[in-house]
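> let me see the structure of the following:
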Amino acid sequence: MASNEPEKPKSIKNGITYTRDFEVVEMSDLSASKSQSQFAVATSYSITTNSRPRTSRKKSMGRRFVDSFRRVPGGLPMTGNHGYHVNDDLPDMGQAGGRFYDLRAANVRTANSALARDLKGRHLQMIAIGGSVGTGLFVASGVALYQSGPASLLLGYLVTGAIQFCTMQSMGELVTAFPVAGSFSAFSSRFLDPSWGFAMGWNYALQWLIALPIEMISGALAIQYWNASINPSIFVTIFLLAIVIINLLGIKGYGEAEFIFSTVKVTAIVGFILLGVVINIGGPPTSGYIGGHYWTDPGPTNNGFKGFCSVLATSSFSFVGTEIIGLAAAETANPRKSLPSAIKQVFWRIGIFYIVSLLLVTLLVPYNEPRLLGGQSSVDAAASPFVIAVESAGSTILPSVMNAVIMIAVLSVGNSAIFGSSRTLASLAEQSHAPAIFSYVDRKGRPLVAILFASSLGLLAYLVNVKIHSEIFNWLLAICGLSSLFTWGSICLCHIRFRRAWAAAGYSVNHLPFVSQAGIMGSILGLVGNILVLASQFWVAISPVPTSPTGGQPAITARNFFLKMLAVPIVILFYVGHKLWFRTQIVSIAAMDIHTGRSFSRVQSHVSAEEEEMRHGMDPATVSAHDRALSYISDPRFSQEFILPRTANRDPITVCYADLGFKPESPAASRSTPTVLFIPGMFGSRYIGGLLDPVARKFGRSWARNANVSLPRVHRPGMGLSTRVPLSQRLSTWIEIVPLLMAHLDIEHIALISHSFGVMYLLNTLHHYRDMLHPERPFVAFMAPWVDPAHSKLTLWQMAHYIPTQAIGLMNLITPAFATSGTVFTKAASFLSSSIGGGDGRELSFQEINRKKLATDYDLPRDVQLELGPMRMKKIFEGDTTGANDEALQCLRKGDGRSWGECDDYNVFVKAFVSTERQKQQLDVSSQGHMKLKVRAYFAESDVMIGAGGQKYVEECWGWQENTFDDVIDFSSATVPGTDHDSVMESIEVLEKLFMDVKGSLT
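From the prediction side, this is the model:
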């Protein structure tokens, strides 16, 4: 039966942006003392995901088809100024009181685009390999060969290919880190200047908008290779209709079409390479072996250095479309995995498809071959050196095959033209650089209005029947001729600026999911190379290369100049016009946004050589219990880390964590089911609660594909490899860590479970991030929750309150003893508990029952468990332990640790929380309402830390006996027989109940 649950739009909340498809984090400087209402002031942007709306009943196919064109819920409004508005109170990017551009809002919207994410790795592979292989290689290379000669032709393509390699590596690093809508045009706004982003976005959109009618004309003229009497308008209609239908099928349609088109082109090039080798060795029917004859007669070069410069324009035109894989990043199912692999294909495409095939062309066709200038347009197969090569070999069929391949290449470029222009227009609208109507994305994830607008420009192709269509064709080509050079140069500059901001924020390249193989020097070379190519074209424009067999010098006219350089004034006009009107400024390194929409990369911290050795090649039948325990404790999942970025108040912070438990193979299942965020007690080590992991794995496997009993645990600041922060910032830093960690692990919903003093962090997390709990099964649990000694009324801790702060601040000096003592200190707590708390010895039987259950039900033998005890203790106190002082001071409310944030008084916290829950319940208009929060508390039978008084206090605060809050909170508590303060969190029975509660209906 279909669910009735309405679509819940995403939103920025408490300074954090959540999204399902990206690991997106947009953070403000948080303070634990801020109230929820204070945070609400900043919530101003509506975020959309590509979730499909659910319906209550099955609709007919026709109805579903019509509904698919409806706007996805929560999209950008069709009216309003969006990113641009007049603001007299806040300084804009140029002058106070001027027209303000909200760059932050633009970044958030592009990061949360509603575009569908349906492109697979195989689509990206073929787009990368054959996406830019088109008429630039098949036809335009013929004129370049005539003007420059074989050596200059190859050298020109090698130079441009090297520039392209550096540029695509830079783009690969950026789009893998930021798979956002608009890609390089959005990067130009974010990392350079919104005015430059406006210019680059419209330059790129215009390039593809103009390319569509050009390609339609080209395809129609290609048909005339077989029959010159056919009206080309017929095939303009056929081709345009086919391409529009492909794009209306959505990103899947585009991906599958490009997969087929690229497969044909790649097959044709490989076939030509093999055929070319045969022709060169065997020779045409009228002669024998050719070899390198044409390199000596008529020679290796033509028109000297100017001829070489003319090749650079042609080769740049040949590589147009290489960058389109960056636009596809925002619509890729798994960009972090698929994009790096696709980007690496650029080297092989340049090396094999361009250089090798052109080398064979120069060996088979002399540069003075008259047919190279015999075409009526830039796609006329009669002028293709590939067709000329096979014609010279005496074949009558293969030239037609090559012409068919050229026609398919034209259709491929037309397909990419609608894709590239529509996605760029949609991104420009999301950045408020274009009319908001272009941001219309339907329920299938298609930018529908942008697609229809781009398709309508294809109607210009009907000018093919106008007598001066060649002149129109040339001017359309001039508009987009060199525009790609600006795009590629901008990508390189964005990468340079991004790397500077990345380093300034304290990150290293190890924290990037993909690192440019060319590095920062590659971006510099790419930028300089693109500038030099542009400069060379200026020279060729004012001093043209001869293009006729007679060798006459073309006239130097304004017309000839602008046919070569028209793209330059267009870009300048876009940039200067926008700059003068909105007076934006170059984005400074300090102000650069390097977090919104970022795809995080997990960084494995160091493990010892012994530990690494134990992770591989172990035979369970022969390995000792010690070695099995060492293998378990050295699991790399215990040793993950990420970086909290620099803020105005502090430097970057390293956070070490463990990512344990069970995760299903399906990423969708992993995101959609709750994950247990376990918050350990004092010391806050990721190694505490180690027995939760085998239980979570077993539970996860038992629910198979729908399970996600994942158990991230964080080393709090100043412990292990996590950077220490001042005691006064300890809680506020934790509030920052939680959403970053959830985004880092691609987790949408969590359940919160704490032990001992971890309850203080849990309650503050609950206050700030209530919406992170699962909407249908919100769940939190406390095990032996810590209370203020004043409420526990235990003499021991009341006395401890009088210990001098300076003495507690030296606690880390004794932690090495914990690390080296092994079982001595691990048994001390149980002994103290039974001695002071009046235990009757049942703790021992509880431990034996627990160990037996772990061995029989969870595949953790008793001898391995015994080895793990001292190992975990050593791991907990390895590395930095200065955080232990801060934990003790905060626990006892000493010094700067007096404040417990929102839960200074549990009773006040619970009442305030209940009041907020009731308000939400009244405001919630969904069919299911605001779900009741399930709260579970488990207490130890003998607890020297909180005692009976502490347990009673906690139960009274949550209204246990009076059922005061049962309209919004489902609270219950239980005492676990035979346990003390620490062992209660390792009770298998309790853990099983907790996981059953977390999974709810999935059990």
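
> where along the stretch 251-400 of the chain do the helices fall?
For the stretch 251-400 of the chain, the helices defined by DSSP state H, counting those that start in this stretch occupy 251-282, 293-296, 304-318, 324-327, 335-343, 345-348, 357-364, 385-392, 398-430.

> can you list the neighbours in contact with the second one?
Residues outside helix 293-296 that contact it (CB atoms under 8 Å, 6 or more residues apart in numbering) are 150-151, 362-367. Quick note: C-beta positions are derived from backbone N, CA and C, even for glycine.

> list the helices and strands the longest strand seen in the chain packs on?
Criterion DSSP state E: the longest strand present in the chain is strand 969-980. On a contact count with 3 or more CB pairs under 8 Å, 6 or more residues apart in numbering; DSSP states H and E, strand 969-980 meets helix 823-836, helix 842-857, strand 933-942, helix 947-957.

> the same query, at a cut-off of 10 Å, please.
Under the contact definition 3 or more CB pairs under 10 Å, 6 or more residues apart in numbering; DSSP states H and E, strand 969-980 sits against strand 779-783, helix 823-836, helix 842-857, helix 906-923, strand 933-942, helix 947-957, helix 988-999.

> partners of that strand, with directions?
Here strand 969-980 is paired, per DSSP bridges, with strand 933-942 (parallel).

> mind listing what residue 160 touches?
By CB atoms under 10 Å, 6 or more residues apart in numbering, residue 160 lies in contact with 311-319, 350, 354, 488, 529-530, 533.

> domain parsing of the chain, as residue ranges.
117-582, 652-1002 (automatic domain parsing).

> for burial, what's the neighbour tally of residue 723?
By the criterion of other CB atoms under 10 Å, residue 723 has 19 neighbours.

> look up how far residue 133 lies from it.
According to CB to CB, to the nearest Å, residue 723 stands 49 Å off from residue 133.

> before we move on, the earlier item: just the domains of the chain: most buried one?
Of all those, domain 117-582 carries the top mean neighbour count, a mean of 21, counting by mean count of other CB atoms under 10 Å.

> could I get the full set of strands for this structure?
Counting by DSSP E, the strands of the chain are 10-13, 16-17, 46-47, 84-86, 99-101, 603-604, 640-644, 653-661, 675-679, 710-714, 750-755, 779-783, 933-942, 969-980.

> quick one, the last one and helix 947-957 angle?
For strand 969-980 against helix 947-957, the angle between stretch directions is 170 degrees (axes from the mean of the first three to the mean of the last three CA atoms, to 10 degrees).

> isn't residue 987 right up against residue 940?
Yes. Counting by CB atoms under 10 Å, residue 940 is a contact partner of residue 987 at 9.2 Å.

> overlap in contacts of these two?
783, 976-979.

> let me have those in JSON lines, adding distance to residue 681 and pLDDT as columns.
Below are these laid out as JSON lines (distance: CB to CB, whole Å; pLDDT from 0 to 100):
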{"residue": "783", "distance to residue 681": "9", "pLDDT": "90"}
{"residue": "976", "distance to residue 681": "16", "pLDDT": "88"}
{"residue": "977", "distance to residue 681": "21", "pLDDT": "87"}
{"residue": "978", "distance to residue 681": "19", "pLDDT": "83"}
{"residue": "979", "distance to residue 681": "14", "pLDDT": "85"}
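
> residue 718 is in contact with residue 883, isn't it?
Yes. Taking CB under 10 Å as the definition, residue 718 is a contact partner of residue 883 at 2.3 Å.

> hang on, the earlier thing: using a markdown table, lay out the strands of the chain together with distance to residue 847.
Shown next, in a markdown table, are those (distance: least, CB to CB, whole Å):
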| stretch | distance to residue 847 |
| --- | --- |
| strand 10-13 | 44 |
| strand 16-17 | 42 |
| strand 46-47 | 49 |
| strand 84-86 | 66 |
| strand 99-101 | 64 |
| strand 603-604 | 33 |
| strand 640-644 | 30 |
| strand 653-661 | 22 |
| strand 675-679 | 21 |
| strand 710-714 | 22 |
| strand 750-755 | 17 |
| strand 779-783 | 16 |
| strand 933-942 | 13 |
| strand 969-980 | 8 |
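
> quick one: closest of those strands to residue 955.
strand 969-980 (5.5 Å; CB to CB).

> now the angle from the closest one to helix 906-923?
For strand 969-980 against helix 906-923, the angle by the same axes, to 10 degrees is 140 degrees.

> what about strand 969-980, distance to the chain center?
42 Å (CA atoms, centre = their mean, to the nearest Å).

> rewinding a little: which one of the helices of the stretch 251-400 of the chain lies closest to residue 791?
Nearest to residue 791 among those is helix 335-343 (47.6 Å), distances taken as CB to CB.

> could you export the closest one as PDB, CA atoms only?
The C-alpha coordinates for helix 335-343 follow below in PDB (Å, rounded to 0.1, in the frame of the first residue of the first chain):
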ATOM      1  CA  PRO A 335      30.200  11.500  -8.500                       C
ATOM      2  CA  ARG A 336      32.900  10.800  -6.000                       C
ATOM      3  CA  LYS A 337      33.500   7.400  -7.500                       C
ATOM      4  CA  SER A 338      32.500   7.900 -11.200                       C
ATOM      5  CA  LEU A 339      34.100  11.300 -12.000                       C
ATOM      6  CA  PRO A 340      37.800  10.600 -11.100                       C
ATOM      7  CA  SER A 341      37.700   7.500 -13.300                       C
ATOM      8  CA  ALA A 342      36.100   9.400 -16.200                       C
ATOM      9  CA  ILE A 343      38.500  12.400 -15.900                       C
END
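
> so residue 953 sits against residue 790, correct?
Yes. Assessed by CB under 10 Å, residue 953 is found in contact with residue 790 at 9.5 Å.

> skipping adjacent residues, who's closest to residue 134 in space?
In space, residue 134 comes closest to residue 409 once its chain neighbours are excluded; the distance is 4.2 Å by CB to CB, 6 or more residues apart in numbering.

> weakest of the strands of the chain in terms of mean pLDDT?
Per-segment mean pLDDT for the strands of the chain reaches its minimum on strand 46-47, at a mean of 30.

> which residues of the stretch 401-550 of the chain score low on pLDDT?
Across the stretch 401-550 of the chain, the ranges flagged by pLDDT under 70 are 547-550.

> low pLDDT regions in the stretch 551-700 of the chain?
Residues of the stretch 551-700 of the chain meeting the criterion pLDDT under 70: 551-557, 599-623, 631-637, 647-649, 662-674, 683-693, 695-700.

> all helices for it, in order.
Going by DSSP H, counting those that start in this stretch, the stretch 551-700 of the chain shows helices at 558-565, 567-582, 609-614, 625-633, 667-672, 692-702.

> the stretch 401-550 of the chain now?
Remark: helices assigned in the stretch 401-550 of the chain by DSSP H, counting those that start in this stretch are 448-457, 469-480, 483-504, 519-542.

> can you check the stretch 101-250 of the chain too?
Using DSSP H, counting those that start in this stretch, the helices of the stretch 101-250 of the chain run over residues 103-111, 121-130, 135-138, 140-148, 150-177, 184-191, 194-223, 232-248.

> run the chain-centre distance for the third one.
Spelled out, it's helix 135-138. From the chain centre to the centre of helix 135-138 is a distance of 33 Å (CA atoms, centre = their mean).

> helices and strands around it, which ones?
Using 3+ CB pairs under 10 Å, 6+ apart, the elements in contact with helix 135-138 are helix 194-223, helix 251-282, helix 304-318, helix 357-364, helix 385-392, helix 398-430.

> repeat that with 6 Å
Counting contacts by 3 or more CB pairs under 6 Å, 6 or more residues apart in numbering; DSSP states H and E, helix 135-138 packs against helix 304-318.

> show me what the helix it packs on is in contact with.
Helix 304-318 is contacted from outside by 136-137, 140, 144, 147-148, 152-153, 156-157, 160, 533, 536-537, 540, 545, using CB atoms under 6 Å, 6 or more residues apart in numbering.

> again, only using 7 Å
For helix 304-318, contacts defined as CB atoms under 7 Å, 6 or more residues apart in numbering pick out 136-137, 140-141, 143-144, 147-149, 152-153, 155-157, 159-160, 301, 481, 484-485, 533, 536-537, 539-540, 543, 545.
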